[in-house]
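1. take this sequence and fold it.
(one chain, ligands or ions: 1)
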Amino acid sequence: MSLEDGVRRLTLPLPTGPKHVHCYLVEGTLFDTGLGLGEAPWESAEIQRIAITHFHPDHVGGAAAAAAATGAPVYQGGLDYAQCERVWGSQDWPERMAAWFTRHGVPRDSAAELIEQGHAFAAFIRYALDPNLLYEGSTLAGWDVVELPGHADGHLGFLRDGVLIAGDHLLQRISPAIGLYPESRPDPLGDYLASLERTIELAPRIVYPGHGDPIKNPAERAGELIDHHRRRLDQTQRALKGRGQTPYQISVSLFGTELGPTERRFAVAETLSHLERLVREGGAARSEADGTVTYTGP
Ligand SMILES: [Zn+2]
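-> Just a heads-up that it's a prediction; the model follows:
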């Protein structure tokens with residue numbers, strides 16, 4: 001589909017979640033590659049280079065296939081690629097993830113389910129090995145590379161002439177997931193709030209996101225998301241009690257009990273990102289005893 005600014009949007013199906021992901025093609029640069037399941041229209045498109053916004057499966061999973069089909073080199077954030085290898089390239093990542101969730105109060109049978117799911121899933125994610133690495137200040141085919149951490153530690157945006165290709169940094173209808181995960185930056189919500197402020201300063205005219213419609217009022221949307229997280233921080237603080245609770249218990253008060261394993265994983269990670277922000281703002285305290293992490297109110 002042709003949009004303004006010479007942007008071509010290629011939408012691929014997803015089995016879960018928002019059910020679709022957008023890739024964008026602008027003058028020979030393909031941004032993101034979908035999950036990599038099924039046919040992708042790469043061979044018919046004139047692709048000279050492939051740029052990845054972040055390592056999540058629906059953005060990077062098709063990178064190796066897209067590179068093979070087009071012969072184009074792949075560009076990915078330096079921090080993002082390190083995390084991509086750590087998560088998708090290591091055999092025991094699901095076990096490390098499960099151990100970490102157990103430490104944060106997730107019941108053992110749910111953690112075991114996580115391991116099973118993790119192994120089943122990892123096999124499908126074919127990121128491109130040894131891509132060209134990008135950093136804040138890099139340029140690629142006239143695009144300025146901007147690091148926008150939060151939704152992913154090494155999330156990149158690509159900015160040119162007021163157009164920001166933003167992956168999942170900014171979405172119109174949903175609030176991008178901001179979760180704390182093992183072996184990652186310690187305060188992802190703090191990172192995200194700063195990246196939203198940065199977006200307001202950069203003042204793009206339009207944002208092309210990984211899911212949903214183009215965002216024609218990026219600064220306003222960034223402001224709404226800041227407000228959303230401020231409210232969520234208040235709710236999280238109210239859920240804290242005098243006695244310590246695990247992040248899992250707190251996620252149950254915030255998100256309810258009726259969640260499947262994947263939703264619960266997101267809920268616990270999201271709760272943790274808010275708890276760690278509160279710790280830094282003086283609104284919560286963390287302690288750990290007998291291998292279990294708990295949080296209390298101030
Ligand atoms: Zn994502």
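
2. quick check: closest non-adjacent residue to the residue in the stretch 1-150 of the chain positioned nearest to the ion.
-> Residue nearest to the ion within the stretch 1-150 of the chain: residue 56 (3.4 Å; CB to the ion). No exception for glycine: its C-beta is placed from N, CA and C like everyone else's. Nearest non-adjacent residue to residue 56, counting by CB to CB, 6 or more residues apart in numbering: residue 152, 6.4 Å away.

3. against the ion, how distant is the one you found?
-> As judged by CB to the ion, to the nearest Å, residue 152 and the ion stand 6 Å apart.

4. what residues does the stretch 1-150 of the chain put near the ion?
-> Contact residues, the stretch 1-150 of the chain versus the ion (CB under 5 Å from the ion): residue 56.

5. switch the cut-off to 6 Å
-> The stretch 1-150 of the chain comes close to the ion at residues 54, 56, as judged by CB under 6 Å from the ion.

6. low-confidence ranges, the stretch 1-150 of the chain, go.
-> For the stretch 1-150 of the chain, no stretch is flagged by pLDDT under 70.

7. the helices in it, which residues?
-> Taking DSSP state H, counting those that start in this stretch as the test, the helices found in the stretch 1-150 of the chain are 57-60, 63-70, 78-88, 93-103, 108-122.

8. got a markdown table for those helices, with mean neighbour count too?
-> Compiled in a markdown table, the helices of the stretch 1-150 of the chain are given as follows (neighbours: other CB atoms under 10 Å):
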| stretch | mean neighbour count |
| --- | --- |
| helix 57-60 | 26 |
| helix 63-70 | 20 |
| helix 78-88 | 20 |
| helix 93-103 | 19 |
| helix 108-122 | 15 |
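
9. coming back round to it: and the residue of the stretch 1-150 of the chain closest to the ion, how far from residue 225?
-> According to CB to CB, to the nearest Å, residue 56 stands 18 Å off from residue 225.

10. do the same with residue 94
-> Applying CB to CB to residue 94 and residue 225 gives a distance of 30 Å.

11. try residue 159
-> 18 Å.

12. more crowded one of these two?
-> Taking neighbours as other CB atoms under 10 Å, residue 159 and residue 225 compare with residue 225 leading, 22 against 18.

13. a strand runs through that one, doesn't it?
-> No: checked against DSSP: H, G, I helix; E, B strand; the rest coil, residue 225 lies outside a strand; its state is helix.

14. what about the host helix or strand of residue 166 and the ion, any contact?
-> Using DSSP states H and E, the element containing residue 166 is strand 163-167. No: Strand 163-167 lies out of reach of the ion by CB under 6 Å from the ion, never closer than 6.5 Å.

15. the next helix or strand after that strand - contacts with which helices or strands?
-> Scanning forward in sequence from strand 163-167 by DSSP H and E, the next helix or strand is helix 188-202. Counting contacts by 3 or more CB pairs under 8 Å, 6 or more residues apart in numbering; DSSP states H and E, helix 188-202 packs against helix 218-239, helix 261-281.

16. quick one: is helix 188-202 near the ion?
-> No: figure legend: helix 188-202 not in contact with the ion (CB under 6 Å from the ion); closest approach 12.2 Å.

17. would you mind writing the CA trace of the helix or strand following that helix as PDB?
-> Next helix or strand after helix 188-202 toward the C-terminus (DSSP H and E): strand 206-209. Output of strand 206-209 as PDB, limited to C-alpha atoms (Å, rounded to 0.1, in the frame of the first residue of the first chain):
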ATOM      1  CA  ILE A 206       4.400  11.700  11.100                       C
ATOM      2  CA  VAL A 207       5.200   8.400  12.700                       C
ATOM      3  CA  TYR A 208       4.900   5.100  10.800                       C
ATOM      4  CA  PRO A 209       4.400   2.400  13.500                       C
END
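
18. what sits up against strand 206-209?
-> Where contact means CB atoms under 8 Å, 6 or more residues apart in numbering, the residues beyond strand 206-209 that reach it are 3-5, 7, 9, 22, 24, 31, 162-172, 214-216, 218, 221.
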